[in-house]
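*Asks:* return atomic coordinates for the entry below.
(one chain, ligands or ions: 2)
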Amino acid sequence: MDKIIIEGGQPLIGDIVVSGSKNAALPLMTASLLTEETLSLSNLPQLADITTLANLLEGLGVTLHMNGDAQENGALYGRTLDLCGGGVNDTCAPYDLVRKMRASVLVLGPLLARFGHAEVSLPGGCAIGTRPVDLHLSGLEALGAQIDLEEGYIKARAPKGLKGAEIVLPIISVGATENLLMAASLAEGQTRLIGAASEPEVVDLADCLVKMGAKIAGIGTSELTITGVSRLSGAAHRVIPDRIEAGTFLMAAGLTDGDLNLRGARADHLKSVITLLESAGLKIEATNEGLRARRANGPLQGVDVMTEAYPGFPTDLQAQFMALMATAEGASMVSETIFENRFMHVPELMRMGANITVHGGTALVRGRSRLKGAPVMATDLRASVSLVIAALGAEGQSEVNRVYHLDRGYERVEQKLAACGARIRRVPAE
Ligand SMILES: CC(=O)N[C@H]1[C@@H](OP(=O)(O)OP(=O)(O)OC[C@H]2O[C@@H](n3ccc(=O)[nH]c3=O)[C@H](O)[C@@H]2O)O[C@H](CO)[C@@H](O)[C@@H]1O
Ligand SMILES: C=C(OP(=O)(O)O)C(=O)O
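*Replies:* Ligands and ions are numbered 1, 2, ... in the order given. Coordinates of the predicted model:
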């Protein structure tokens, strides 16, 4: 397995172009199953998760054609992917592909709505929590689907098609909202989705569905009204910039006492993050190109945070924020309310000298002036990057193992950081 070696202590100074959002791109790709025409997605990041989903869609019969905007070391970036669902001839998403990535479950709604049947492997538990899909399933049942769980597979049928209904989501779920939004777009009649997620990635999907001919009201709010149509068409859509990648680099600027220009970062998607980082002592300015981040003056201060659904502080930035707080003056309470097992970066940060005590879903971080480099193990995507940015600010050398997690969600991360002065290199597996 590849590992990353980092010599810490260099301030990150320079420009970073923010990539297209992984969590927007994945549901958008599954929307190609809703139509026999071509969906063209630009600004697609090059990531392991995108490849996994592309393989899954190709297995179902979607034809894929990739064009790149820029090339580096033979790979294409800022790519445009044309997906044509005209030849879909299989409605089964097998375990081998679904287990690699939970977002695969997003093929369920579109397949069921368009073909009247689908079989999708249950994604199973994963590192950050149990992550059930009960809300996806009960929502589809409300739309008239019959669902059975057999041999680890979700077997869904709607031989007479889906019918609009009122669905109340008791927990805000990004994935359930996306699955139900896609399914309801091709259902007969009107669906009201109450308690819907309003994350920018959900909005991006809804915007694309509207371009494809869907009728959706309330986009960006917690109540979506979808009037089903009998068919959707192709469309061209640009994936939004990755707010989680941008937020990660904002924190990296703070951790290394650097000065970063994040080209393409959208302040409107990062309001709660910017407010929190400013109260911790970062100066974040909107520029013509995106966001500029550096320390305001002096050391960072400990501040408390609680993860929440959008527009609250995102769980996908909790690990990175904890790394930042590990070197702030004073203490910080970090409360994780979305996933029950998302503190796996804690023992690894402690190997670097962080002082953290965990009680249930809350971690008390007592800051110290500097962390020390150490060999650490990446356990999930955001935990991995928290270790990378902690190592960039630490004294001495760190070795981050199991970086395949990082490759799921951060495009060319070593190149982007090295271009801003980081001493970082990847050691490929032997
Ligand atoms: C590919 C993608 O976009 N992943 C993001 C998506 O994941 P994902 O869509 O899986 O996350 P959800 O918003 O669905 O999960 C939120 C909470 O709802 C619970 N839940 C969810 C569905 C369900 O049927 N039953 C249930 O109980 C989950 O266990 C969790 O506690 O949103 C999360 C929350 O912002 C992010 O951390 C992930 O990065
Ligand atoms: C948890 C994440 O992704 P996924 O939902 O695909 O596991 C993430 O992007 O941080």
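*Asks:* what parts of this protein come near ligand 1?
*Replies:* Proximity of the chain to ligand 1, by CB under 6 Å from any ligand atom, involves residues 23, 26, 102-103, 129, 131-136, 171, 173-176, 201, 314-316, 338-339. C-beta coordinates here come from the backbone N, C-alpha and C atoms, glycine included.
*Asks:* buried ones among these?
*Replies:* By neighbour count, with 16 or more other CB atoms under 10 Å, the residues of the chain next to ligand 1 hold 23, 26, 102-103, 131, 133, 135-136, 173-176, 201, 314-316, 338-339 as buried.
*Asks:* and ligand 2, which of those residues contact it?
*Replies:* Among these, ligand 2 is touched by 23, 102, 103, 316 when using CB under 6 Å from any ligand atom.
*Asks:* now render the residues you listed as a markdown table, adding secondary structure and pLDDT.
*Replies:* Output for those, formatted as a markdown table (DSSP: H, G, I helix; E, B strand; the rest coil; pLDDT from 0 to 100):
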| residue | secondary structure | pLDDT |
| --- | --- | --- |
| 23 | helix | 97 |
| 102 | helix | 89 |
| 103 | helix | 93 |
| 316 | helix | 98 |
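*Asks:* wait, what's in contact with the residue in the stretch 101-250 of the chain positioned nearest to ligand 1?
*Replies:* Using CB to the nearest ligand atom, residue 175 is the residue of the stretch 101-250 of the chain that sits closest to ligand 1, at 2.8 Å. Counting by CB atoms under 8 Å, 6 or more residues apart in numbering, residue 175 makes contact with 102, 103, 105, 106, 133, 136.
*Asks:* kindly recompute the last result at 7 Å.
*Replies:* 105, 106, 136 (CB atoms under 7 Å, 6 or more residues apart in numbering).
*Asks:* among these, which are located in helices?
*Replies:* Cross-referencing those against helices under DSSP state H gives residue 136.
*Asks:* dump the contacts of residue 175 to a markdown table, plus pLDDT.
*Replies:* As requested, those are exported to a markdown table (pLDDT from 0 to 100):
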| residue | pLDDT |
| --- | --- |
| 105 | 96 |
| 106 | 98 |
| 136 | 98 |
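*Asks:* and of the contacts of residue 175, the nearest to residue 263?
*Replies:* residue 106 (29.1 Å; CB to CB).
*Asks:* list the contacts of the closest one.
*Replies:* Residues in contact with residue 106, defined by CB under 7 Å, 6+ apart, are 26, 27, 30, 175, 178, 179.
*Asks:* may I see the residues you listed organised as CSV, with distance to residue 419 and secondary structure added?
*Replies:* Output for those, formatted as CSV (distance: CB to CB, whole Å; DSSP: H, G, I helix; E, B strand; the rest coil):
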residue, distance to residue 419, secondary structure
26, 27, helix
27, 30, helix
30, 33, helix
175, 34, helix
178, 34, helix
179, 38, helix
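*Asks:* let's have those in JSON lines, adding pLDDT.
*Replies:* JSON lines is the format used below for the contacts of residue 106 (pLDDT from 0 to 100):
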{"residue": "26", "pLDDT": "97"}
{"residue": "27", "pLDDT": "98"}
{"residue": "30", "pLDDT": "98"}
{"residue": "175", "pLDDT": "98"}
{"residue": "178", "pLDDT": "98"}
{"residue": "179", "pLDDT": "98"}
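*Asks:* from the residues you listed, pick the one nearest residue 240.
*Replies:* residue 27 (11.7 Å).
*Asks:* would you check that that closest one makes contact with residue 178?
*Replies:* Yes - Residue 27 is within contact range of residue 178, at 4.5 Å (criterion: CB atoms under 7 Å).
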